[in-house]
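1. Predicted structure and sequence below. I'll ask about it afterward.
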Amino acid sequence: MDNCIFCKIVRGDIPCRKVYDDDDLLAFHDIHPVAQVHIMLIPKLHLASLMEANDSHTALLGKMLLSTSKLAKEQGLNNGFRTVINTGKGGGQEVFHLHIHIIGGNIPPMVRRD
């Protein structure tokens, strides 16, 4: 997709601070981190959201999920981490290219408990 910011990052049109790069996936530091570690893991294939995924994406999705632990450990998150996949406008998705947030360190709570 020509206008997709993540596709532009994959093509090298927009720089990023890479954490991981292979034929299928790219991981980089989020430009607006919410914690000490905040990495974005994206497929190089443009897939707008998890709602667009089908059986042909099974291996790619599995590789993405399995890569989260490896990347988190490499970033020193041995105590645990959070993964977030926002899906669709109603799910808070802002960039319509499937991505997993890998977040760790000083993590804000998911739900406010006042």
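-> Sure thing, it's come through.
2. Longest helix in the chain, by number of residues?
-> Secondary structure assigned by DSSP state H gives helix 58-74 as the longest helix of the chain.
3. ok, and for that one, which residues are buried?
-> 60-61, 64, 67-68, 71-72 (16 or more other CB atoms under 10 Å). No exception for glycine: its C-beta is placed from N, CA and C like everyone else's.
4. and the very next helix or strand once past that helix, what does it pack onto?
-> Sequence-wise, the next helix or strand downstream of helix 58-74 (DSSP states H and E) is strand 82-84. Where contact means 3 or more CB pairs under 8 Å, 6 or more residues apart in numbering; DSSP states H and E, strand 82-84 is packed against strand 100-104.
5. If you tally nearby residues, what's the number for the residue nearest to residue 44 when sequence neighbours are not counted?
-> Leaving aside its sequence neighbours, residue 44 sits nearest to residue 10 (CB to CB, 6 or more residues apart in numbering; 5.0 Å). Residues lying near residue 10 (other CB atoms under 10 Å) number 20.
6. Point out where the chain drops to low pLDDT.
-> Filtered on pLDDT under 70, the chain yields the residue ranges 1.
7. One more pass at 80, please.
-> Where the chain drops to pLDDT under 80, the residues are 1-2, 108-114.
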